[in-house]
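Here's a sequence, model it:
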Amino acid sequence: MRGREPEWHTFIQLLRAAEDGQGGTLLVEGEPGTGKSLLLAEAASQASRQGFLQLTGRAEELGQFIPLAPLVMALDEPPACARRTGEDPRIQLVERLRAHLERCVATRPVLFCLDDLQWADPATLAALRTLQWELTAAPVAWLLARCTVRSPGNDEADRLFGLLEQHGATRTELGALPDDVVTVVAADVLGAVPQPDVLALAATAGGNPFLLTELLAGLSEEGSVEISGGRARLLTTDPPARVHTLVRHLLDGLDRHTRQLVEAAAVLGRSFSPEDAAELVGTAPAALLPAFEEAMDAGILVTTEEALEFRHELVWHAVAAALPPPVRHALHHQIGKLLLDRGGSAMRAAGHLIEGTRQGDARTLTGLDRAVTEVLASSPCAAADLAVQAVALSDLSDPSRFARVVTAIEATTEAGRLEDAGDLVRSALARPVSAPAAAELRCALSGILFMGGQAAEAAVEAEAALAEPSLTGHQRDRATLALLYGLAGLADSKRAAEEAEAILMAADRHGEAVVVGAMVVLASIRWDAGRLADGLRLVREAVERAGGGSVAVRRTHPRLALASMLTDIRRLDEAQVVVGEAREEVESLGHSAWMSGPAVLRARVELVAGRLDDAVAEAQVGLDLAGSLGTHLFSSLAASVLSMVALHRGDLRGAAQHIEADRSRLSRHAATTMPARCAMVAAQVAEARDGPVDAMKLVAHVYPELQEQRWILVGEPTGAPWLVRIALATGDRSSAELAVAAAESLAGDNPGFRTLRTAATHARGLLEGDAEALGLAAKEGADPWSRASAAEDLGVVLAAAGDRQEAVRSLDQALAGYEETGATRDAARLRRRLRRMGVRHRHWATAERPVSGWASLTDTECTVSLLVTQGWTNRQVANQMFISVHTVAFHLRQIFRKLGIGSRVELTRLAVEQGRDLERPEGR
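Presented below is the predicted three-dimensional model:
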């Protein structure tokens, strides 16, 4: 009895009690298909094997008019009813039945099993109560069952069950099979481990054993499941013929009017209101009461607080799918029009309109337009689907078609579907359009190009749009913001700064989104120019103004710029909070085009904090999102994070591969600072792999530009010391002096930023071999790795000066810092240096993590595993861990790969078997 072990255990105890001469009663309740009849049949077989006499019967719906029929059927030897004068014949019959039952129990234990007691007549139920009471001391195991399709408490059987339970009977309800049992059943039927798509389809059976086995058997028979490597995957999600046959039998048993109602309601959706169903079939809700009751009695429909609902999703799908396509489309069309005619939100009608709208149907297309407008602000992805469909259904001659195209472009751009948006623009420009229309399309194309990282092309298109004198104020604002973003992405930001300043000087002539966008652009330019206080003030003001603004204003996302700046100056706690707020804002606005931004910025925070596993996970999520959406604004930053992690871990090949993979994107998908940032990372990889001379070749041009290109030192506090170290290693002291001068100038211009002062002190200490300066940098470094780096440089200087004891102490401090941040390559370098000084360290903590099994999971993956096995959804895990849903999904993919599993159910099973391994061992 797979999945019914508790009920079966209770039944076995009942039989044992009867064998010991004690009676007992088990009351079984369940919906149709929950395995009630199978449980009773297995119970009868088990009782027979144990030597019980079986007395079985079943009540029938039409048998309610025959008193005591189930009892007579069970005893199988009804005595002749010789009536005694003045006595109710039913009483006489009950007495004869009792006498017959007493003769039976005198020879051996008895299993008295009656099914479907929801149909039993009152006399049968009363007789059962009497017989069960009078034979309490007899070795009788009473197994009484009923179907609970109707609401409990509405019939005599329910009252009997309640009374028997009060007097010691055990009552059990056969509910839906739990998920783990569904997985086991699926594996048994299919002969392979079911993958998530199989389990998702199996879940539509609602844990109903009969539905589930019919579904799985049908999928197997029709070859709808592919078995490979011991895993079962779906080839189609269509219900198999077995399910359609089952549903057809259900419908065939209904009255004609009830069947019409059920089939029409299936097109409304799994859940629907009685009012909608009544209007659809052209009557009043009151007239449908008999049909509703019959459908509920048949187990097809159930009631919720506010609506009616198909009990099982699988049945709903099968009923809807069985309708001929023309009929189904006509019903969708009718429902869409019905909902539109009511007024209110057009979104409810949209799905039906899509399914039922005919090409060029102006009235229903207008309804789709309304739906797109309603959801565009809150859910661009949903709006994009509707808008693209609306364009496809519009005739070329439709005067509203161009407006739909523009809306579809906006929706697909906001949803991050840049390729679709670009295709729509180019298709529209290929047709004859007016000059203002062309300008509007070019403005949209500019935004698409900018999000794709093509700044120069974006600026060109925006300028072409602005050249059209007939643009409306709204269109001109959009084009101006597109131009501003495009110019900000160019190597020379001078014009972008001029445009931003001009906008802010005349803020009253522009929309709020343009003003906030100008503030963000100008803040970033001033930040990169080394005017940190100005940049931080401007971007904080932009965040404040955007917070209470419209959707268009909030979609400028100033928090992303603020998070980047906070990370630069190593205010990591605040940066992490701001990144989280930015992620929530992007998700709440449905602004998929910017989804990669929070992930990549979070990756950089994790890198600086020394949490390298989490940095890799977030960076990879950002790259995956950018690749799937074509939004490459943050791709190079993600690649630089992955390269630096690989470098810290000594994976020089991996670090180089990340750089090479990004080179093809740099010219087309890179913001202003990204190529130079990647050049710095590439040089650090070259130093590790080929030595300082090769590294110097890649960055020699940087030194003379440091006073102008100050962002290089702003964005990475360790940049100045590294540039000094490389220059000195290659004998180029003049370049080292340029780096020190630039770092000190930057720090002097920004006295309130300790990270810059400490970096300048570190650089000066390296140049001069100044132990005091390096000691200060080792103490006040902006992050753990920076402090470790300064401590290493101090150790080298002290060792060269002959102070071995202090040198070892400083190098030990550096080693601890590198190990804390997971920088295994740097730690290995320190151990070699210490060995040469005669000092050896044991380093168990650096043992390589296994590639598979529980021990291969990172700390974050262990936490995700633990929460998932406790039944948390991806969204709940994300909220608990303050990460994105995309990041949770990434971690789950890694967990499944490392554990060799394919589903959350398998993960739970493994966790139960080896739960102790979910906790990270000490020393890891």
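
was I right about Leu38 contacting Pro209?
Yes. Applying Cβ atoms under 8 Å, one finds Leu38 in contact with Pro209, separated by 7.5 Å. (Each C-beta comes from the backbone N, C-alpha and C, glycine too.)

neighbour-wise, which of those two wins?
More neighbours surround Pro209 than the other of Leu38 and Pro209, with 24 against 15 (other Cβ atoms under 10 Å).

where does that one land on pLDDT?
We have a pLDDT of 83 for Pro209.

and if you look at the one 3 residues further on?
Taken from the predicted model, the pLDDT recorded for Leu212 is 89.

And Asp158, by the same measure?
85.

Give me the neighbour count for it.
Count around Asp158 with other Cβ under 10 Å applied: 18.

Return the distance of the host helix or strand of it from the chain's centre.
Here Asp158, judged by DSSP states H and E, is contained in helix 156-166. Counting by Cα atoms, centre = their mean, to the nearest Å, helix 156-166 is centred 46 Å from the centre of its parent chain.

Now the following helix or strand past that helix: buried residues?
Downstream of helix 156-166, the first helix or strand assigned by DSSP H and E is strand 170-174. When burial is assessed from 16 or more other Cβ atoms under 10 Å, strand 170-174 yields the following buried residues: 170, 172, 174.

Quick check: buried residues in the helix or strand following strand 170-174?
Where DSSP H and E defines the elements, the next helix or strand beyond strand 170-174 is helix 179-190. Within helix 179-190, the residues that qualify as buried are 179, 181-187, 189-190, counting by 16+ other Cβ under 10 Å.

Three-state assignment for Gly57, please.
Secondary structure of Gly57, reduced to three states by DSSP: H, G, I helix; E, B strand; the rest coil: strand.

so how many other residues sit close to it?
Neighbours of Gly57 (other Cβ under 10 Å): 20.

Repeat that for Ala729.
15.

do the same with Thr237
Neighbours around Thr237, by other Cβ under 10 Å: 13.

helix or strand for it, which one?
Per DSSP H and E, there is no helix or strand for Thr237.

Once you drop chain neighbours, what's closest to it?
Of all residues not flanking Thr237 in the chain, Leu201 sits nearest, at 5.8 Å (Cβ to Cβ, 6 or more residues apart in numbering).

In contact with that neighbour, which residues?
215, 219, 234, 237 (Cβ atoms under 8 Å, 6 or more residues apart in numbering).

what is the orientation angle of the helix or strand encompassing it with helix 179-190?
Counting by DSSP H and E, the element that carries Leu201 is helix 196-203. Orientation check (axes from the mean of the first three to the mean of the last three Cα atoms, to 10 degrees): helix 196-203 against helix 179-190 gives 110 degrees.

just checking, next helix/strand downstream of helix 196-203?
By DSSP H and E, the next helix or strand past helix 196-203 is helix 209-221.

What mean pLDDT does whatever helix or strand comes next after that following helix get?
Using DSSP H and E, the helix or strand that follows helix 209-221 towards the C-terminus is strand 225-228. Averaging pLDDT along strand 225-228 yields 91.

For the next helix-or-strand element following strand 225-228, which strands pair with it and how are they oriented?
Downstream of strand 225-228, the first helix or strand assigned by DSSP H and E is strand 231-234. Using DSSP bridges, the strands paired with strand 231-234 are strand 193-194 (parallel), strand 225-228 (antiparallel).

residues making contact with strand 231-234?
Outside strand 231-234, the residues that reach it (Cβ under 8 Å, 6+ apart) are 186-187, 190-195, 197-198, 201, 219, 224-226, 902.

Could you turn the buried ones of those into a ChimeraX selection?
Applying 16+ other Cβ under 10 Å to these, the buried members can be selected in ChimeraX as follows:
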select :186,187,190,192,193,194,195,197,198,201,219,224,225,902
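
ok, the contacts of strand 231-234 vs Asp477, which is closest?
Asp197 (45.7 Å; Cβ to Cβ).

List the contacts of the closest one.
So Asp197 contacts 233-234, 237 (Cβ under 8 Å, 6+ apart).

how close does it sit to Leu899?
Taking Cβ to Cβ, to the nearest Å as the measure, Asp197 falls 19 Å from Leu899.

my guess is Leu160 contacts Leu125, does it?
Yes. Between Leu160 and Leu125 there is a contact at 4.8 Å, judged by Cβ under 8 Å.

Touching both of the two, which residues are there?
In contact with both Leu160 and Leu125: Leu117, using Cβ under 8 Å, 6+ apart.

Make TSV out of the strands paired with strand 231-234 and add distance to Ser884.
Output for the strands paired with strand 231-234, formatted as TSV (distance: least, Cβ to Cβ, whole Å):
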stretch	distance to Ser884
strand 193-194	28
strand 225-228	32
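
Pro432: which of those strands is closest?
strand 225-228 (49.6 Å).

could you turn the closest one into CSV, dropping everything but the C-alphas?
Taking C-alpha atoms only, strand 225-228 is exported to CSV below (Å, rounded to 0.1, in the frame of the first residue of the first chain):
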residue,chain,number,x,y,z
VAL,A,225,8.4,10.2,-21.7
GLU,A,226,12.1,9.9,-22.7
ILE,A,227,14.2,7.6,-20.5
SER,A,228,17.9,8.3,-20.7
